[in-house]
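Engineer: Starting from these lines, generate the structure:
(one chain, ligands or ions: 1)
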Amino acid sequence: MSDRDGKIWMDGQLVDWRDAKIHVLTHTLHYGCGAFEGVRAYETEQDTAIFRLEDHTKRLFNSAKILRMQIPFTHEQVNQAQVDVVKANALKSCYLRPLTWIGDRKLGVSPKGNTIHLMVAAWAWGAYLGEEGMQRGIRTKISSYTRHHVNITMSQAKAVSNYTNSILANTEALDDGYDEAILLDASGFVSEGSGENIFVIKDGVVYTPDLSAGALNGITRNTVLHICKDLGLEVVQKRITRDELYISDELFFTGTAAEVTPIREVDRIQIGAGQRGPITEKIQTAYFDIVNGRNPQYAHWLTKV
Ligand code: PMP
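Structural biologist: Prediction:
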């Protein structure tokens, strides 16, 4: 990815993509303390707009706060950096990746006295779990890896270190012939995917794990909670067991990258009719209407580039 044309915002400046480099003695590279965001911009009928920019920036600052890192830029600067990156790369629909990390002034576990940095990159990125998956649903397995307990690396931070657990689970799932993993928490209740929140539909009611299961407080999850309310669907946030997934009518993942992705199989057990379910399809349609600027009720979630 490093060998591309374009610009990356790095510590306050737009630099050439190929020159956006850090030193091998960077603290975060060694010890994994850093935080990032995944944001999407969509080409709406009017213009390109970043979806829920303010909420993503807020979560980035909260992640940094949890990790005791002081981002040396303001919210406004970080918002503006994201707008500038989309513009500078002349992107229409794209994915944005802000990342904050600890610098290379010193090594040793303690980050005290080190510098904090921030970058924002953006590139075109289609359906995260595949176009076909968006239509037909994907195949998943319950991971043999446990999601972090809430008192380990902090589940409400979108922390770099949390993704070793995600990588292990996702790699195992792909090696075993599945599309994605579903992780259980340390008590054995359903937590989330390696990079997605999960929703369950049973008898017309929508369920999702409450955040005590160690799942990230996903912005797409929150958007779907709004959509369910608009569609008059009852939503219950609760502890969910593995076998509740097996006997559900519909399942889907949510995430900025994954958007709303139906799940058609868990552990080789077919979910519902083994395809995208009717309620999932309604929620998916409503989601794409919102992000693509076709629902004026949510125009305030779109930041024009
Ligand atoms: N859980 C994890 C572990 C994630 O990486 C993501 C993607 N950021 C999500 C959930 C979904 O969060 P969001 O909808 O804010 O992208």
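Engineer: so who does the residue of the stretch 51-200 of the chain found nearest the ligand touch?
Structural biologist: Nearest to the ligand, among the residues of the stretch 51-200 of the chain, is Gly195, at 3.8 Å (CB to the nearest ligand atom). The way it works is simple: take the backbone N, C-alpha and C, and place the C-beta from them, glycine included. Counting by CB atoms under 8 Å, 6 or more residues apart in numbering, Gly195 touches 38, 128, 166, 170, 255, 257-258.
Engineer: Among those, which lie within strands?
Structural biologist: Gly255 (DSSP state E).
Engineer: ok, which of the contacts of Gly195 also contact the ligand?
Structural biologist: Among the contacts of Gly195, the ones lying near the ligand by CB under 6 Å from any ligand atom are 38, 166, 255.
Engineer: Show me the one in those that has more neighbours than the rest.
Structural biologist: Gly255 (24 neighbours; other CB atoms under 10 Å).
Engineer: Would you state the strands of the stretch 201-305 of the chain in chain order?
Structural biologist: 205-209, 235-238, 250-255, 259-266, 269-270, 302-304 (DSSP state E, counting those that start in this stretch).
Engineer: Of these, which is nearest Gly218?
Structural biologist: Nearest to Gly218 among these is strand 250-255 (5.9 Å), distances taken as CB to CB.
Engineer: For the closest one, which strands pair with it and how are they oriented?
Structural biologist: strand 197-202 (antiparallel), strand 259-266 (antiparallel) (DSSP bridges).
Engineer: Is there proximity between the shortest one and the ligand?
Structural biologist: It refers to strand 197-202. Yes: applying CB under 6 Å from any ligand atom, one finds that strand 197-202 is in contact with the ligand at Asn197.
Engineer: Repeat that for the last one.
Structural biologist: No: applying CB under 6 Å from any ligand atom, one finds that strand 259-266 is not in contact with the ligand, the shortest distance being 8.9 Å.
Engineer: pLDDT of that strand, averaged?
Structural biologist: The pLDDT scores in strand 259-266 average 98.
Engineer: Farthest-apart pair in the contacts of Gly195, please.
Structural biologist: Farthest-apart pair in those is Gly38 and Asn170; separation 14.6 Å (CB to CB).
Engineer: Looking only at stretch 78-91, what residues are buried by neighbour count?
Structural biologist: Buried residues in stretch 78-91, counted by 16 or more other CB atoms under 10 Å: 78-79, 81-86, 89, 91.
Engineer: Any residues of the stretch 51-200 of the chain in contact with the ligand? List them.
Structural biologist: Residues of the stretch 51-200 of the chain lying close to the ligand (CB under 6 Å from any ligand atom) are 166, 192, 195-197.
Engineer: export those to a markdown table and tack on pLDDT?
Structural biologist: Formatted as a markdown table, those follow (pLDDT from 0 to 100):
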| residue | pLDDT |
| --- | --- |
| Ser166 | 98 |
| Glu192 | 98 |
| Gly195 | 98 |
| Glu196 | 98 |
| Asn197 | 98 |
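Engineer: Closest one of these to Asp55?
Structural biologist: Closest approach to Asp55 among these (CB to CB): Asn197, at 14.5 Å.
Engineer: Give me the number of neighbouring residues for the closest one.
Structural biologist: 24.
Engineer: do Tyr95 as well
Structural biologist: 18.
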